[in-house]
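Engineer: Fold the stuff below for me.
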Amino acid sequence: MTQANFLDKTLLAVARVAEQSFFSEALARRQGYLQSLDIRMKLFSFLLIIVLISFLHTPQAMWLLYGMSLVLAAFSRIPLWSFLKRVWLFVPLFTVAIVVPAILNIITPGDPVWTILQLERSYTWGPYVIPQTITVTRQGLWGGIVLVSRVSTSVSFAVLFTLTSRWGDVFAGLRALLVPRIFVITLGMTYRYLFVVLRLIQDMYRARKSRTIHPLSSTAERSWTASRIGVTFTKSLELSDDIYKAMLSRGFHGEFPSINRFRVADGDYIWLMTVLCFSGILLLSERGLLL
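Structural biologist: As a prediction, this is how the structure comes out:
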């Protein structure tokens, strides 16, 4: 099997972005528990949970919340493998970049657990000191476990929210929660016309590929791709200007009227009260204030 060239890889990447978005939209339309909640209640409760995670200091409490996210994903009919993949594709990259250096005594001094490297002598650059013996410290290891637990739990709830919420409802919910109008309009327009720009990119690459007789070198493909980036930017500016003029001609006055009519049900109040009580109990029990 021949290796895909640069144009093919770009086409596949663009198609993958659109596929993931449509897949998320399909999940948000399923008849699951989180999908049935009022978007305003869900926005507030998920923000509360993510803020709660930032105040927790023990991995056990974060693992309990992570288990809760898995249970909610199951009740919301989210495929478990797809959910785990979206979370744990990001966490290892973060772990390698941030956590691995932090567990060493170079960054976090403390009780040595495992010796990594023995140097001839220690080195000093201003306030920075590299000790002669580089080890993994108990304090650094504990801090790394807490950090990874916090990140994985926060990402899990963020992914769970995006998979169970339609973006049109999210934008309308943000306005209902008094988020600044210009911020919501910018997000909404970006989301709507992202797919228009993706289709424009696909059309350019398909046109180029249909007129290519023999394979080009990687240098030529990259040079053409760089030039298309400039063309796409110019066309996006022209498109934004045309869209704005079309909006003004149709009576736009700075506000998008929403067709969504939100209605808070008894189940939404029960969900919110459950989140509030659970958050309070978790914070108090972690600090030893509960008997």
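Engineer: okay, CA-based contacts and neighbour counts for the rest of this
Structural biologist: Fine.
Engineer: residue contacts, Arg77?
Structural biologist: The neighbourhood of Arg77, defined by Cα atoms under 8 Å, 6 or more residues apart in numbering, consists of 27, 30-32.
Engineer: Could you tell me whether it really is in a helix?
Structural biologist: No: with DSSP: H, G, I helix; E, B strand; the rest coil as the criterion, Arg77 is located in coil rather than a helix.
Engineer: residues in contact with stretch 233-253?
Structural biologist: The list of residues contacting stretch 233-253 from outside it, by Cα under 8 Å, 6+ apart, reads Val197.
Engineer: try it again with 10 Å
Structural biologist: Counting by Cα atoms under 10 Å, 6 or more residues apart in numbering, the neighbours of stretch 233-253 from elsewhere in the structure are 189, 193-194, 196-197, 200, 228-230, 232, 254.
Engineer: follow-up on the earlier one: now the contacts of Arg77 in CSV, with secondary structure, distance to Gln118 and pLDDT?
Structural biologist: Compiled in CSV, these are given as follows (DSSP: H, G, I helix; E, B strand; the rest coil; distance: Cα to Cα, whole Å; pLDDT from 0 to 100):
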residue, secondary structure, distance to Gln118, pLDDT
Leu27, helix, 52, 75
Arg30, coil, 57, 81
Gln31, coil, 58, 85
Gly32, coil, 55, 86
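Engineer: Buried members of those into PyMOL, please.
Structural biologist: Per 16 or more other Cα atoms under 10 Å, the buried members of those correspond to this PyMOL selection:
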select buried, resi 27+32
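Engineer: ok, so of the contacts of Arg77, who is nearest Ser69?
Structural biologist: The shortest gap between Ser69 and any of the contacts of Arg77 belongs to Gly32, at 13.8 Å (Cα to Cα).
Engineer: what about the strands in the protein?
Structural biologist: With DSSP state E as the definition, the chain shows strands at residue ranges 112-118, 123-125, 128-130, 133-137.
Engineer: how many other residues sit next to Phe83?
Structural biologist: When neighbours are counted by other Cα atoms under 10 Å, Phe83 registers 18.
Engineer: same question, Ser227
Structural biologist: Applying other Cα under 10 Å, we find 11 other residues in the vicinity of Ser227.
Engineer: What residues does it make contact with?
Structural biologist: Under the criterion of Cα under 10 Å, 6+ apart, the neighbours of Ser227 are Glu221.
Engineer: measure it to Ala220 for me?
Structural biologist: In this structure, Ser227 and Ala220 are 11 Å apart, going by Cα to Cα, to the nearest Å.
Engineer: same question, Gln132
Structural biologist: As judged by Cα to Cα, Gln132 and Ala220 stand 50 Å apart.
Engineer: repeat for Leu43
Structural biologist: Following Cα to Cα, the distance that separates Leu43 from Ala220 is 47 Å.
Engineer: Neighbour count: these two, which is higher?
Structural biologist: When Leu43 is set against Ala220 and neighbours are counted by other Cα under 10 Å, the residue ahead is Leu43, at 17 against 12.
Engineer: Now stretch 213-226: buried residues?
Structural biologist: Result for stretch 213-226 [16+ other Cα under 10 Å]: buried residues Thr225.
Engineer: mind checking how far that stretch is from the chain centre?
Structural biologist: Here the centre of stretch 213-226 is set off from its chain's centre by 33 Å, with Cα atoms, centre = their mean, to the nearest Å.
Engineer: average pLDDT for that stretch?
Structural biologist: Averaging the model's pLDDT scores along stretch 213-226 yields 75.
Engineer: Helices along the stretch 51-200 of the chain, start to end?
Structural biologist: All helices of the stretch 51-200 of the chain, identified by DSSP state H, counting those that start in this stretch, fall at 59-75, 80-88, 91-94, 100-102, 138-163, 167-176, 181-210.
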